[in-house]
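Undergrad: sequence and predicted structure below; questions after.
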Amino acid sequence: MLAIIGIVVVFAAILAGFLMEKGNLSVLIQPAELLIIGGAASGTLLVANPVRVVKSIVNGLMGVLKGSPFTKARYLSTLKMMYQFLNKVRKEGLLSVEMDVEKPAESPLFKNFPEFLADHHSCEFVCDTLRTAITGGVEPFDMDQMMELDMEVHHHEAAMPAASLTTVADALPGLGIVAAVLGIVITMGALGGPPEEIGKHVAAALVGTFLGILLCYGLVGPLCANMSKIADEHNDYLHVLRVLLLSFLKGSAPMIAIEMGRRAIPAYARPSFDEMEKTCKNKDGAAAETPAAAA
């Protein structure tokens, strides 16, 4: 939602300033220039990227418009889920959650957290780690290496759409110049005609340059930056899960593992210990262990 507001502010400020200088809005309406720039930009995107990246770009743009899902509420929900899950493992053993990690969509525990199930990579990250732990014979250090490798591969893929779209954003000013040059070519062909007609052709050519620069720095560039930040936030989220799971696999009590995960949450979304403890108690229906008691 904030991204939509920002886009509206950018265009509203530019148009308002243009109108304050007694500009004529009809001059800015140049469908041909927009077709040249937008069509060429879309074509370069298709030429430079495979289908999977193009789909990821579309999904990434939709995610930007919706806003980042990695809020304090999301982290609290994740900590509640993992607290319940780890408590079950501690009381009944790793084999008790085998069906949960094999079929998370059918798990009574995971079904209570639809946001987590909808985040397919995070769900697979947790389930694959626990599935490996159930098989046994894997040291915590090796498990940590596997999780780190998984995170690196995912972050590389998550950053690719933003990087690809940034290339398009960088090309937009140049495509605006292309549109302007074509406008000048048309203007040169109209020399000798009425001054009003020549003026319209020059205005159309200049609008091409204007649109290329505006779309680069006022729309596509900021969207790329936002997509990149969301990819980084997802990586931070996976890091929290990694710290939490590794702590538990090393033998820590569930509440200690949860606290380790809470400490890894970025400051802007990190809940306090009291918030975390209260949330776990309410969700689990029983008194949560304090770090001192668990130790």
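TA: The structure has been received and is ready for your questions.
Undergrad: contacts only, for residue 40.
TA: Contacts for residue 40 (Cβ atoms under 8 Å, 6 or more residues apart in numbering) come out as 175, 178. All C-beta spots, glycine's among them, are computed from the backbone N, C-alpha and C.
Undergrad: cool, and residue 126?
TA: Taking Cβ under 8 Å, 6+ apart, we find residue 126 in contact with 101, 241, 245.
Undergrad: tell me the contacts of the first one?
TA: Looking back up the chat, that one is residue 101. Listed by Cβ under 8 Å, 6+ apart, the contact set of residue 101 reads 107, 126-128, 130-131, 134.
Undergrad: again, only using 7 Å
TA: 127, 130-131 (Cβ atoms under 7 Å, 6 or more residues apart in numbering).
Undergrad: for the contacts of residue 126, give me TSV that also has pLDDT, secondary structure and distance to residue 158.
TA: Formatted as TSV, the contacts of residue 126 follow (pLDDT from 0 to 100; DSSP: H, G, I helix; E, B strand; the rest coil; distance: Cβ to Cβ, whole Å):
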residue	pLDDT	secondary structure	distance to residue 158
101	90	helix	23
241	96	helix	15
245	94	helix	20
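Undergrad: does residue 205 touch residue 184 like I think?
TA: Yes. With contact defined as Cβ atoms under 7 Å, residue 205 counts as touching residue 184 (5.1 Å).
Undergrad: so those two - more neighbours on which side?
TA: Using other Cβ atoms under 10 Å, the more surrounded residue of residue 205 and residue 184 is residue 205, with 22 against 16.
Undergrad: roughly how far apart are that one and residue 41?
TA: Counting by Cβ to Cβ, to the nearest Å, the gap from residue 205 to residue 41 is 18 Å.
Undergrad: excluding chain neighbours, what is closest to the residue positioned nearest the centre of the chain?
TA: The centroid of the chain falls nearest to residue 230 when counting by Cα atoms, centre = their mean (3.1 Å). Residue nearest to residue 230 in three dimensions, not counting chain neighbours: residue 68, with 5.3 Å by Cβ to Cβ, 6 or more residues apart in numbering.
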